[in-house]
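J.: got a sequence here, can you model it:
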Amino acid sequence: MEINKKAGAIVDKMLRHDRFSQWLGIKKLKAEPGHCILQMTIREEMVNGFGIAHGGIAFSLADSALAFSSNAYGRLSVALECSISFPVAVNVNDVLTCDSKELSLTNKTATYHIEISNQKNQKVAFFKGTVYRTSKEWEV
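T.: The predicted model follows:
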């Protein structure tokens, strides 16, 4: 199977079984080994007591991008460490686009930088995540 086709199949399988990403309304725009682009729209039930999107929403979008881009190689990978910053508030009806890019890849770990932008092309979050790459292969 072609590499990008396999990566897409892995991400599609992950999404089918990931009820939280489904609840978030995440759409896959691109999936290839080490890179993915996701999109979602902020809904009313995603805001906190300040009336802005709960930080966990952007974190969860980025965490899904981390999972999809790292697992797209075909090896089961799980998060080891993640951090995020929120330079711009996110509001109801904002359309967020999340772009995950690989910074480093070894046999055992991989590190990713993930940027989340809104529909105005404002960078609303920066996420860095490191995954552990197991020896288990995905079956698709």
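
J.: switch to C-alpha atoms for all contacts and neighbour counts from now on
T.: Noted.

J.: least confident secondary structure element in the chain?
T.: In the chain, the helix or strand scored least confidently by mean pLDDT, DSSP states H and E is helix 3-17, which has a mean of 92.

J.: from the chain's centre, how far out does it sit?
T.: Computed by CA atoms, centre = their mean, to the nearest Å, the separation of helix 3-17 from the middle of its chain amounts to 13 Å.

J.: check which element follows it along the chain.
T.: On the C-terminal side of helix 3-17, the nearest following helix or strand under DSSP states H and E is helix 19-24.

J.: which other helices and strands does that following helix contact?
T.: Contacts of helix 19-24 with other secondary structure elements, assessed using 3 or more CA pairs under 8 Å, 6 or more residues apart in numbering; DSSP states H and E, are made with helix 3-17, helix 55-71.

J.: in a markdown table, list these along with distance to W23.
T.: Supplementary listing: the helices and strands packed on helix 19-24 in a markdown table, determined by distance: least, CA to CA, whole Å:
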| stretch | distance to W23 |
| --- | --- |
| helix 3-17 | 11 |
| helix 55-71 | 11 |
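
J.: just name the most buried of the ones you listed.
T.: helix 55-71 (a mean of 24; mean count of other CA atoms under 10 Å).

J.: which other residues reach that helix?
T.: Helix 55-71 has contacts (CA atoms under 8 Å, 6 or more residues apart in numbering) with 7, 10-11, 14, 21, 24, 26, 31-38, 46, 77-79, 84, 86, 98-101, 110, 112, 114-116, 125, 127, 129, 131.

J.: give me the below-cutoff pLDDT ranges for the chain.
T.: 1 (pLDDT under 70).
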